[in-house]
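> with the sequence up front, the predicted model follows.
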Number of protein chains: 6
Amino acid sequence: MKPNLLKSLLAAGKTAVNGWISIPSPFAAEIYAAQGFDSVALDMQHGALDINDAVPLLQAICLSPNVTPMARVPWNNPADIMRVLDAGAMGIICPMINTRMEAQALVEAGRYPPMGARSFGPFRAAQYAGADYWQHANSEVLLIAMIETREALKNLDEILAVKGLDGVYVGPSDLSISMGKTPTLDPSDKDVLGAIAEIAKKTRAKGLIAGAHTDGPKTAAKRYAEGYQFCTLLNDVRVMANAVNALIKETKGLAPAEASKTY
Amino acid sequence: MKPNLLKSLLAAGKTAVNGWISIPSPFAAEIYAAQGFDSVALDMQHGALDINDAVPLLQAICLSPNVTPMARVPWNNPADIMRVLDAGAMGIICPMINTRMEAQALVEAGRYPPMGARSFGPFRAAQYAGADYWQHANSEVLLIAMIETREALKNLDEILAVKGLDGVYVGPSDLSISMGKTPTLDPSDKDVLGAIAEIAKKTRAKGLIAGAHTDGPKTAAKRYAEGYQFCTLLNDVRVMANAVNALIKETKGLAPAEASKTY
Amino acid sequence: MKPNLLKSLLAAGKTAVNGWISIPSPFAAEIYAAQGFDSVALDMQHGALDINDAVPLLQAICLSPNVTPMARVPWNNPADIMRVLDAGAMGIICPMINTRMEAQALVEAGRYPPMGARSFGPFRAAQYAGADYWQHANSEVLLIAMIETREALKNLDEILAVKGLDGVYVGPSDLSISMGKTPTLDPSDKDVLGAIAEIAKKTRAKGLIAGAHTDGPKTAAKRYAEGYQFCTLLNDVRVMANAVNALIKETKGLAPAEASKTY
Amino acid sequence: MKPNLLKSLLAAGKTAVNGWISIPSPFAAEIYAAQGFDSVALDMQHGALDINDAVPLLQAICLSPNVTPMARVPWNNPADIMRVLDAGAMGIICPMINTRMEAQALVEAGRYPPMGARSFGPFRAAQYAGADYWQHANSEVLLIAMIETREALKNLDEILAVKGLDGVYVGPSDLSISMGKTPTLDPSDKDVLGAIAEIAKKTRAKGLIAGAHTDGPKTAAKRYAEGYQFCTLLNDVRVMANAVNALIKETKGLAPAEASKTY
Amino acid sequence: MKPNLLKSLLAAGKTAVNGWISIPSPFAAEIYAAQGFDSVALDMQHGALDINDAVPLLQAICLSPNVTPMARVPWNNPADIMRVLDAGAMGIICPMINTRMEAQALVEAGRYPPMGARSFGPFRAAQYAGADYWQHANSEVLLIAMIETREALKNLDEILAVKGLDGVYVGPSDLSISMGKTPTLDPSDKDVLGAIAEIAKKTRAKGLIAGAHTDGPKTAAKRYAEGYQFCTLLNDVRVMANAVNALIKETKGLAPAEASKTY
Amino acid sequence: MKPNLLKSLLAAGKTAVNGWISIPSPFAAEIYAAQGFDSVALDMQHGALDINDAVPLLQAICLSPNVTPMARVPWNNPADIMRVLDAGAMGIICPMINTRMEAQALVEAGRYPPMGARSFGPFRAAQYAGADYWQHANSEVLLIAMIETREALKNLDEILAVKGLDGVYVGPSDLSISMGKTPTLDPSDKDVLGAIAEIAKKTRAKGLIAGAHTDGPKTAAKRYAEGYQFCTLLNDVRVMANAVNALIKETKGLAPAEASKTY
């Protein structure tokens, strides 16, 4: 089976940079994924994507052979988790894991028996990863729980103790709202920052993977410094919007408002 | 009929900034078009789009009511030109107009009788622009010929003399190749620059519109200075790729290669 | 934030007419939504639509700036409710709310903390409604529970007492079946009619919104008279089928069966 | 080979009613086609459809086994004509046939050698019509030229003399514009009406099929009386828009503007 | 209402052969379904399909009027079951039914009151099966539970006792994994074979339908001999892959590696 | 630039086996292309594909890194040829090249200046093949003319003399029809066979590539023996249909018509 490069990288003690796709276009996805990411995740919760998009988008990502294809699933339900894995995602980032039971349900859906209850039928995953996929999937596929509420913080030790879970991923916006603060990908609130630091600390201490959502390089650098091993830089559409917005402003600054009459 | 804002703007002597869509996603297009452009064109020639994409993408652009929806058609053929106009494009940028006859064919396809031979059936254009669309379309719709070969340069006077043509648009890459140079959106070759300056000069002298394709603000500024009235800044997917590539590099520069162990 | 016009209208004591989309075509949706409705809902339960269709269809509806975009979700599950809201629906009509707990789950999914547990990521909603969307969404987004079973009737008082719920919507076909009667959008059964009247009465008495599904103007008029504030007129495909069926019959009545020989 | 029912019907001297699809939804198409039409055409010129839509839409139409599937192609070009026939259309209505040569080109594209130069590969047509499709296609497939310009009128005799052409179809809007009049599907202009009558007369006199586009039963009745054998009643989206517009107006007339307070 | 032919066939004591679609192409589906199957199921669990694909794929299957359209739903959840039925599936094969309660939930979702709680809105099913669909759907629609875990085996008697369930379907791969064996569609393990035989025995003894997933004719023959009444032969994409793989090998065996030089 | 492996293989005197895709599913295409082909072509003329499908299907093929992606374009028109090349096809098989002028038009569309007039904008090709794509495309991209009419045979010498053309491809069905025979992929008619042999002879004598369409290994073996260097084996959908048809028949032969009663 093709090894999970993101897993190997993190196991080797390295950091990684993760992409986040919200645009349902295989054309855009191929070019986006080729820009240097270690892994790229489909955002099926807050992106304009659904199950139908998973196969062509994962194909597009896989054209960059060193990029690990991942997915943030819409919700912690077995059908979506299994189908996205079958489509070839090598990692699942699951939103709103607030309790030990919810983390166990994620593992139940994401692991074949006897570890879990994943149904067999890796219709594209076996094409991508090899005919021996099913024998190694339980150890190669990453299952990552989003920690993004006050309740999850409270239950963090129990969540981290769930066997079969590979790590956690911080959603700073939801975490902020849950703690009564303004949603932001670059929190400055002391309580939120404290929580974020604590999540890394506890997770890494258990030998598990810690990842975080950020708004770009500077915030990511803060997270890496706290012990986070992989960080996401916005998503595709926001990067495009920010860049084009700046280019238009720059152009309007450089260009005359009135068309030149000396031609 | 809803007026063509780009046409009005240019007629008032102002400059404009144009967008260029190659990603067939209405979601991405809505956000892209909302960033401050005066007009946005679907690139149906060198973008990942086809006729089926025209209606939802034009709808997405029209959600920014001050942005004029345009299309660069795949080729100078009547079916594509008419269908994109029927879908609601308020301007056509037509590739590879090299002769007077080709410019006339563009006008023939893009204007209702007696000016041309456009077939009646503005199935979405009348929804977008109003029930009186057909009465004003001949004057409101922009027909713009791409000048991008040595042959077109040679025939420029004849092309500019074609009645019903609103202006021209320079494709610097094709123009460069045609002149035996390396394709680029920011030409530095003297001959190519000379040709580009001449196109603006002749076009503006006729009272017609001059537009140009560029790779961003700085090149656009050169074009505006030469008399070009509207410039395009790369396309959506290249803006995204460039931006994300820079963000990844910045992150990798700021982040430690080895995951922090002090958590 | 762009205000919810349907909410304002009903709050001002007016009545409203609602559309119902089952055809997954942004082209058809734009034209349908432009015919005079106050609001238009995507029918994701009994229409040929799914999550992938939500963004382009909501874009099409939003081209009529005075029409409030809504969705009848497939089921009372958090993933679908949150994703459709993120896509820009300003109201949720949720099927089969039979108990207080089910109504609470709807509110949990549809409201940000501390009112609920909606996850943050309004990827298109913020584009549509403004950057301050998240601050006002809890008060602007309508959450409406479908009352369509005997069990729901029994629990109506408890359902109406759930904080964060804006109103109810009657599904006469399911209600009829649940009461052992023939499904119909224009019930004549005394028990069903009694139930429908009671729902309006109790809902309005609480100051909440009452809506109803109908088969057209005459049935809608009965509902308005009973206190319902907004009514839906069939769906897009049935309106089209009924109309075209009548036109064919009329044509076959007017036209000779044998082709005229006097030409 | 499955016989072409529309052809048989017209050959038997009967009249027919034709549908016109502009919405690219197989769901809507199945229901539309089942309402009683003798034939239904995909409008690939002025509808929101393209080649990709042809297979699923023709499948939807074929679920009504007595309805003959047709297509109005985008233009008189061989690729589109051949591909739509291969997809299973049993008749082609080709826009803008103005000269004998254009009519011959239509026949060239639509007939196998030795009558024409259609390329062999009926990838869905053979599934629909049977393995012996290629042996009978030249006689079963209808090729119909749109007569919709002053030039076509002038050349009508020559066009009607082209071997392999089955008939003509009048586009009243384009014909009106071409004659300097306002586009309409129910012309009252004497010159246009004269032309329309003459087209039927000449066509029927040659033993060929005459069809016409109309805005509904009353106009169709006029055309049948003039000798037209099949008429089209608007298109799907306009029928829907007209019907829903009327229903909303009726509802707003019947409903109180102010919500009832006696509940 | 159009009768369920698969149900009638099995009720008459005949065997049936079932197809399995994983490719989301209506074009491929029409041709696949026309090859002689008695029934064809959409695989929405381990196929590249989702809800959006259901309508066009079911339309494609229905073009073979003697083939019963079915669906293996993604999971035992009411929304998916109801929507696929509304789209016109005449049978549901539901994965992972392990307990009596899970079987009851399937019946609840798949039957109208008073047998269940299916919501009324057969938007395409009534088009396919007739206006009286709702009156007969409870008896005509097949509800089939997949038995594919050790737990399901243990609870088989209770599952078979659930009123409204029509039968069971064996998933040999999952059953094998669940029993600690290698997944395979042609099990040779004694325990697994024993379980498979027992499932047929108990199911048939109750007068219910027994079906099984297989890898082709030879394995199917074993299952028929054990009392299974309908068997599935791989899925569409695996049949294609196996066939084309063999053809390439045969060609490479017959063809010279070096291009012939005697031409 | 990534070299064209098919070109290299044939230049080295080897034979190749080519696939042919008619199903517009990236999922099916990835699996189909991975079965051992040297090259795989999209059939945009007689397949259920269009321009919109080119990017995702070519991406799916490219996941097999040793398979050269190709396309049979719908027709010899510049827009389609250029767009499919821009999407990343490394070879064009162009139908119905009957004259020297038509072959020259193919070269004009498929080669950058000064060899031809291809427009610059390899929006996906440069992603696939490298940033230096444009410098090598003229030598790496294969342009192959279909010889499939009596007229083409007559003009073969002139066609083969066109500079920039890499080879020819025989379409036996169209060739047969054009010669007054029954269409078949395995011709036994002496005249057709003579023509096919002559095409290989003349093409190879010029040092150009000869390819042929066949119905499978046995016919391909005949063509290789005649000097053809690459052969196509049916298309995807026919391989699937033939295989599944045989499996159903085998199953019905092995299975009892009556369900076993000894369970």
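Here it is on my side, so go on.
> where does the stretch 51-200 of chain A come near chain F, residue by residue?
A:55-56, A:59-60, A:62-63, A:123-124, A:127-128 (CB under 8 Å from any CB of the partner chain). All C-beta atoms are positioned from the backbone trio N, CA, C, and that covers glycine.
> now, the most widely separated pair of these?
A:Leu63 and A:Phe123 (19.2 Å; CB to CB).
> how about the helices in chain A?
Assigned by DSSP state H, the helices in chain A fall at A:5-11, A:26-33, A:51-62, A:78-86, A:100-110, A:125-129, A:133-140, A:150-154, A:156-160, A:172-178, A:190-205, A:217-226, A:236-254.
> now the last one against helix B:217-226, angle please.
Here helix A:236-254 points in a direction 40 degrees away from that of helix B:217-226 (axes from the mean of the first three to the mean of the last three CA atoms, to 10 degrees).
> any part of helix A:236-254 near chain F?
No. Helix A:236-254 lies out of reach of chain F by CB under 8 Å from any CB, never closer than 15.4 Å.
> tell me the average confidence for that helix?
Confidence over helix A:236-254 (mean pLDDT, whole number) is 97.
> what does that helix rub up against?
Helix A:236-254 has contacts (CB atoms under 8 Å, 6 or more residues apart in numbering or on different chains) with A:19-23, A:28-29, A:32, A:233-234, B:17, B:19, B:27-28, B:31-32, B:34-37, B:216-218, B:220-221, B:224, B:231, B:233-234, B:236, B:239-240, B:242-244, B:247, C:123.
> quick check on the residues you listed: which are buried?
Buried members of the contacts of helix A:236-254, scored by 16 or more other CB atoms under 10 Å in any protein chain shown, are A:19-23, A:28-29, A:32, A:233-234, B:17, B:19, B:27-28, B:31-32, B:34-37, B:216-217, B:220-221, B:224, B:231, B:233-234, B:236, B:239-240, B:242-244, B:247, C:123.
> show me what residue of chain A gets nearest to chain E.
A:Gly121 (2.8 Å; CB to the nearest CB).
> which residues touch that residue?
Per CB under 8 Å, 6+ apart, neighbours of A:Gly121: A:86, E:45-46, E:173.
> so which of the residues you listed wins on neighbours?
Compared across these, E:Gln45 has the highest neighbour count, 26 neighbours, by other CB atoms under 10 Å in any protein chain shown.
> quick one, what contacts that residue?
Counting by CB under 8 Å, 6+ apart, E:Gln45 touches A:79, A:82-83, A:119, A:121, E:72-75, E:95.
> which of these tops the neighbour count?
Busiest of the contacts of E:Gln45 [other CB under 10 Å] is E:Val73, holding 30 neighbours.
> ok, now which ones touch the residue in the stretch 101-250 of chain A that chain F sits nearest to?
Distances between the stretch 101-250 of chain A and chain F by CB to the nearest CB are smallest at A:Gln127, namely 5.7 Å. Applying CB under 8 Å, 6+ apart to A:Gln127 gives the contacts A:88, F:30-31, F:34.
> looking at the residues you listed, spot the one nearest E:Ala210.
Taking the contacts of A:Gln127 together and measuring to E:Ala210 by CB to CB, the closest member is F:Ile31, at 30.6 Å.
> ok, the closest one to F:Asn242 distance?
According to CB to CB, to the nearest Å, F:Ile31 stands 17 Å off from F:Asn242.
> now swap in A:Ala221 and tell me
From A:Ala221 to F:Asn242 the distance is 59 Å (CB to CB).
> cool, A:Asn18 as well?
For A:Asn18 relative to F:Asn242 (CB to CB), the value is 45 Å.
> wait, A:Cys62 sits on A:Pro56?
No. A:Cys62 is beyond contact range of A:Pro56, at 10.7 Å (criterion: CB atoms under 8 Å).
> how about chain A: which residue is closest to chain C?
A:His46 (2.8 Å).
> quick one, phi/psi of that residue?
Dihedral angles of A:His46 (phi, psi; degrees, to the nearest 10) stand at phi -110, psi 20.
> separation between it and A:Val239?
In terms of CB to CB, A:His46 sits 15 Å off from A:Val239.
> A:Ala28 too?
In terms of CB to CB, A:Ala28 sits 11 Å off from A:Val239.
> backbone dihedrals for A:Ser25, please?
According to degrees, to the nearest 10, A:Ser25 has phi -130, psi 110.
> give the contact list for it.
Going by CB under 8 Å, 6+ apart, A:Ser25 touches B:23-25, B:28, B:48.
> tell me which two in those are the farthest apart.
B:Ala28 and B:Ala48 (11.5 Å).
> where does A:Arg204 land on pLDDT?
For A:Arg204, pLDDT reads 98.
> wait, I meant A:Lys261
88.
> burial count for it?
When neighbours are counted by other CB under 10 Å, A:Lys261 registers 9.
> measure it to chain D for me?
39 Å (CB to the nearest CB, to the nearest Å).
> state the distance from that residue to chain B.
8 Å.
> and that residue, what are its phi and psi?
Per degrees, to the nearest 10, the backbone of A:Lys261 is at phi -110, psi 0.
> can you pull the contacts of A:Ala16?
A:Ala16 neighbours (CB under 8 Å, 6+ apart): A:6, A:9-10, A:38-39, A:229-230.
> list the contacts of A:Asp86.
The contact partners of A:Asp86, by CB under 8 Å, 6+ apart, come to A:121-125, E:46.
> including pLDDT and distance to A:Met115, could those residues go into a markdown table?
Below are these laid out as a markdown table (pLDDT from 0 to 100; distance: CB to CB, whole Å):
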| residue | pLDDT | distance to A:Met115 |
| --- | --- | --- |
| A:Gly121 | 97 | 17 |
| A:Pro122 | 97 | 16 |
| A:Phe123 | 97 | 21 |
| A:Arg124 | 98 | 22 |
| A:Ala125 | 97 | 17 |
| E:His46 | 98 | 19 |
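> tabulate the residues you listed in TSV, adding columns for distance to F:Thr262.
Conversion of the contacts of A:Asp86 to TSV gives the following (distance: CB to CB, whole Å):
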residue	distance to F:Thr262
A:Gly121	32
A:Pro122	36
A:Phe123	36
A:Arg124	41
A:Ala125	40
E:His46	32
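> ok, A:Phe199 touching A:Asp157?
Rather than Phe, residue A:199 is Ile. No. Under the criterion of CB under 8 Å, A:Ile199 is not in contact with A:Asp157, lying 11.2 Å apart.
> ok, those two, which is more surrounded?
Taking other CB under 10 Å, A:Ile199 and A:Asp157 do not tie; A:Ile199 has more neighbours (26 against 10).
> give me the pLDDT value at that one.
So A:Ile199 comes in at 98 (pLDDT).
> quick one: it and F:Leu160, what's the gap?
For A:Ile199 relative to F:Leu160 (CB to CB), the value is 70 Å.
> do the same with A:Ala197
73 Å.
> looking at the two, which one has more neighbours?
F:Leu160 (21 against 17).
> near chain E, which residues of the stretch 1-150 of chain A are found?
Residues of the stretch 1-150 of chain A lying near chain E (CB under 8 Å from any CB): A:50-52, A:55, A:77-79, A:82-83, A:86-87, A:112-114, A:117, A:119-124, A:134.
> please redo it, this time with the cut-off set to 6 Å
Proximity of the stretch 1-150 of chain A to chain E, by CB under 6 Å from any CB of the partner chain, involves residues A:51-52, A:55, A:79, A:86, A:112-113, A:119-121, A:123.
> of all those residues, which two lie farthest apart?
Once CB to CB is applied, those give A:Asn52 and A:Pro113 as the farthest pair, at 28.2 Å.
> does stretch A:163-175 come close to chain C?
Yes. Judged by CB under 6 Å from any CB, stretch A:163-175 and chain C are in contact via A:173-174.
> and that stretch, does that touch chain B?
No. Using CB under 6 Å from any CB, we find that stretch A:163-175 stays clear of chain B, coming within 11.9 Å at best.
> and if you look at stretch A:179-195?
No. Stretch A:179-195 is not in contact with chain B by CB under 6 Å from any CB; minimum separation 13.2 Å.
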